[in-house]
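Participant: coords please:
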Amino acid sequence: MKEKKGFIIAIVALVLIVAGLVAYIVIDKNKDKNEKADVTTEATTEVTTEAKATADEAEEETTEAKKEKNTEKKFACYATIAAENNWQDGDKYVYQFTVDIHNDSDEDISDWEVKISGFDGGEMGDSWNGEYKISSGTLSATAVDYNGTVAAHSTTNLGFQVKFDSSDKAEADKTPVLYVSGEEYKVVKEEPTTQSDDEKKASKKEKKEPESGTPLDNHGKLSIKGTDIVDKNGDPYQLKGVSTHGLAWFPDYINKDAFQTLRDDWGANLIRLAMYTAENGGYCEGGDQAKLKSLVDDGVEYATDLGMYVIIDWHILHDLTPTAHQDEAIAFFDEMSAKYADYDNVLYEICNEPNGSTTWSDVKGYAEEVIPVIRANDKDAIIIVGTPTWSQDVDQAAADPITGEENIAYTTHFYAATHKDNIRSKVKTAHDKGLCVFISEFSICDASGNGGIDYDSADDWFEMINDYNLSYAGWNLSNKDETSSLISSSCDKKSGWTDDELSETGKWLKSQISGE
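Facilitator: The predicted structure is shown next:
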């Protein structure tokens, strides 16, 4: 019995030993597996962390790239607005606006929308080239089928009329904001640079002696005495001439033969060089600044060679207020006045036609910043200052003129079929208060530069111009197919025009200048 019992115990012990061995092997294997799993987990974690870091870096690079791309786009795409006309219709005041969408980038843009604040109380009138609505004082304009895409390096134009109960409501600030695919685009300006003293010295042009018998030879450096422009002898002198169209659009008319035709055949003694600042190809918004300055330089040199006077015109229009590009204007006039400081025939027109809600206070403040820059280089050149409402409100300037400066003239612009006794009365007011008024732009059609000619109103204007000895420049030296162009649209010649090659406006202006 004891033997059997001992046998059973031995068997049980053997089973326990075997079970223990099996358990050890299983545990050891599981431990090895877990260790391997831990190593794998650590490796996976390291790989995942690395991949995430790489992905984050890539995303950061992509974001920066997007920012750079958007910055480029924001510099290249923008919208501008201009108030073109206004009139009263019953108990409503109707204002007409145009909006230009500029795409100066290398890519087409589509899915665009323009939003413009400042239309509180406005009611949509006629419109074209877009779909429009006013909500909570904001006007939204979107594309129609044919202008849904604005091609690279092009401009799309929109137009609309808004009716207001009061004329005051139309004067609120109106700033267009362009959206493309829901993203807001804004103009990102580069800081303008001014020349160093060494650069000014290097660029300065030596004074040229005028040809004998030319206007410049006979009359020399001009100045302002009371309401008159006077010559080197102190005698009243009248500048009579022609304004170019935009230099960027009609550069071929900037040539010496053209200017000589105007001098010899017409009797002109003045050329005005109109350099637009904001429109497509304008100096401050996408234009080729080097090319535009080169055209200005060419124009000054041709006029000087011919003994003519020349106006360098900072031609604001769709930018509404001269303060929009004040820094650029300061840099530009600093450069030009330093270059031509010794010239006796260069005049500076520092703001063509302030408009929209721009006040005389705005213009005066701008002028008081720009004039000292010119004076630092050229102490006595004639400087011409624009006035509000497309240079019609010269009476406002007369009520609060720029002080502490000499040789300052103030502009009135007129288009005879639109501007009549009401604007002439402003000139009379300014003249009676002792201001020197300069008609630096005009034509004898309506304010659009087109339409029919009003000879009677034109004659009334010129009676005042000659009575008051006002200097003037007629708009415009081009063959553009519109009434105010001086050359017939069918004539491609850039100089030496016969009377048959002039437009009706050209023939009329030639007879006024020549006195024939």
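Participant: select the helix or strand of this protein having the lowest average pLDDT value.
Facilitator: The least trusted helix or strand in the chain, going by mean pLDDT, DSSP states H and E, turns out to be helix 2-76, with a mean of 47.
Participant: just the buried positions in the next helix or strand after that helix, please.
Facilitator: Sequence-wise, the next helix or strand downstream of helix 2-76 (DSSP states H and E) is strand 77-89. Using 16 or more other Cβ atoms under 10 Å as the test for burial, strand 77-89 gives 77-84, 86. Just so you know, the C-beta spots here come from the backbone N, C-alpha and C atoms, and that holds for glycine as well.
Participant: lowest-confidence entry in those residues?
Facilitator: Among these, Glu84 carries the weakest pLDDT, at 70.
Participant: show the contacting residues for that one.
Facilitator: Residues near Glu84 by Cβ atoms under 8 Å, 6 or more residues apart in numbering: 96-98, 159, 448.
Participant: and with 6 Å instead?
Facilitator: 96, 98 (Cβ atoms under 6 Å, 6 or more residues apart in numbering).
Participant: so how far is Ala268 from Asp91?
Facilitator: Asp91 sits 47 Å away from Ala268, going by Cβ to Cβ, to the nearest Å.
Participant: who's more crowded, the two?
Facilitator: With neighbours defined as other Cβ atoms under 10 Å, Asp91 and Ala268 compare such that Ala268 has more, 25 against 8.
Participant: ok, that one touching Gly241?
Facilitator: Yes: taking Cβ atoms under 6 Å as the definition, Ala268 is a contact partner of Gly241 at 4.2 Å.
Participant: list the contacts for the nearest residue to Gly356 once chain neighbours are set aside?
Facilitator: Leaving aside its chain neighbours, Gly356 sits nearest to Leu320 (3.9 Å; criterion: Cβ to Cβ, 6 or more residues apart in numbering). By Cβ under 6 Å, 6+ apart, the residues touching Leu320 are 355-356, 358.
Participant: run the last query once more with 7 Å
Facilitator: 82, 355-356, 358 (Cβ atoms under 7 Å, 6 or more residues apart in numbering).
Participant: out of these, who has the most neighbours?
Facilitator: Thr358 (26 neighbours).
Participant: if I look at the residue nearest to that one when sequence neighbours are not counted, how far off is Gly281?
Facilitator: Leaving aside its sequence neighbours, Thr358 sits nearest to Thr321 (Cβ to Cβ, 6+ apart; 4.2 Å). Look at Thr321 and Gly281: by Cβ to Cβ, they are 20 Å apart.
Participant: repeat for Asn466
Facilitator: Taking Cβ to Cβ, one finds Asn466 at 36 Å from Gly281.
Participant: now Gly299
Facilitator: 17 Å.
Participant: how many other residues sit next to Phe119?
Facilitator: By other Cβ under 10 Å, the residues close to Phe119 number 23.
Participant: actually Thr261, sorry about that
Facilitator: Counted with other Cβ under 10 Å, Thr261 comes out at 17.
Participant: hmm, it is touching Gly496, no?
Facilitator: Yes: using Cβ atoms under 7 Å, Thr261 is in contact with Gly496, at 5.5 Å.
Participant: ok, now how distant is Met275 from Phe259?
Facilitator: For Met275, the distance to Phe259 - Cβ to Cβ - is 16 Å.
Participant: over to Ala417?
Facilitator: 28 Å.
Participant: which one's more surrounded, these two?
Facilitator: Phe259 (25 against 22).
Participant: spit out the contact partners of that one.
Facilitator: 271, 302-303, 306, 308.
Participant: so what's the residue sitting nearest the centre point of the chain closest to, chain neighbours aside?
Facilitator: Nearest to the mean C-alpha position of the chain, by Cα atoms, centre = their mean, lies Ala278 at 1.4 Å. The shortest distance from Ala278 to any non-neighbouring residue, by Cβ to Cβ, 6+ apart, is to Asp319 (3.7 Å).
Participant: show the pLDDT at that neighbour.
Facilitator: Looking at Asp319, the pLDDT reads 90.
Participant: quickly find the element holding it.
Facilitator: Going by DSSP H and E, Asp319 is not part of any helix or strand.
Participant: would you list every one of the strands in the stretch 201-350 of the chain?
Facilitator: With DSSP state E, counting those that start in this stretch, the ranges of strands along the stretch 201-350 of the chain come out as 223-225, 228-230, 240-244, 270-276, 309-315, 346-349.
Participant: please name whichever of those strands is nearest to Asp481.
Facilitator: When these are compared by Cβ to Cβ, strand 240-244 sits nearest Asp481, at 17.0 Å.
Participant: the closest one packs against which elements?
Facilitator: strand 270-276, strand 471-477 (3 or more Cβ pairs under 7 Å, 6 or more residues apart in numbering; DSSP states H and E).
Participant: now the helices: where do they sit in the stretch 251-400 of the chain?
Facilitator: 256-261, 289-305, 326-339, 360-377, 388-391, 394-399 (DSSP state H, counting those that start in this stretch).
Participant: which stretch among those helices is buried most, on average?
Facilitator: helix 388-391 (a mean of 24; mean count of other Cβ atoms under 10 Å).
Participant: so which of the contacts of Phe259 is the closest to Glu123?
Facilitator: Closest to Glu123, out of all of those and judged by Cβ to Cβ, is Ile271, at 45.0 Å.
Participant: so the residue nearest to Thr358 touches Asn355, yeah?
Facilitator: No: taking contacts as Cβ under 7 Å, Thr321 lies outside contact range of Asn355: 8.1 Å.
Participant: what's the helix or strand for the nearest residue to Asp327 once chain neighbours are set aside?
Facilitator: Leaving aside its sequence neighbours, Asp327 sits nearest to Pro192 (Cβ to Cβ, 6+ apart; 5.0 Å). Remark: Pro192 resides in no helix or strand, with elements defined by DSSP H and E.
Participant: buried ones in the helix or strand containing Glu463?
Facilitator: Using DSSP H and E, Glu463 falls within helix 455-467. Residues 457-458, 461-462, 464-465 are the ones in helix 455-467 that count as buried (16+ other Cβ under 10 Å).
Participant: now it against strand 471-477, angle please.
Facilitator: Inter-element angle recorded for helix 455-467 and strand 471-477: 140 degrees (by axes from the mean of the first three to the mean of the last three Cα atoms, to 10 degrees).
Participant: which elements pack onto helix 455-467?
Facilitator: Going by 3+ Cβ pairs under 7 Å, 6+ apart, helix 455-467 lies up against helix 421-432.
Participant: who does the following helix or strand past the helix it packs on pair up with?
Facilitator: Following helix 421-432 in sequence order, the next helix or strand is strand 437-443 (DSSP H and E). Each strand paired with strand 437-443, and its direction, by DSSP bridges: strand 408-415 (parallel), strand 471-477 (parallel).
Participant: make CSV out of those and add mean neighbour count.
Facilitator: Supplementary listing: the strands paired with strand 437-443 in CSV, determined by neighbours: other Cβ atoms under 10 Å:
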stretch, mean neighbour count
strand 408-415, 25
strand 471-477, 26
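Participant: redo those as JSON lines? Include distance to Lys221 and mean pLDDT.
Facilitator: As requested, the strands paired with strand 437-443 are exported to JSON lines (distance: least, Cβ to Cβ, whole Å; pLDDT from 0 to 100):
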{"stretch": "strand 408-415", "distance to Lys221": "15", "mean pLDDT": "98"}
{"stretch": "strand 471-477", "distance to Lys221": "15", "mean pLDDT": "98"}
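Participant: per-residue confidence for Gly307?
Facilitator: 98.
Participant: for it, what are its contacts?
Facilitator: So Gly307 contacts 210-211, 214-217 (Cβ under 7 Å, 6+ apart).
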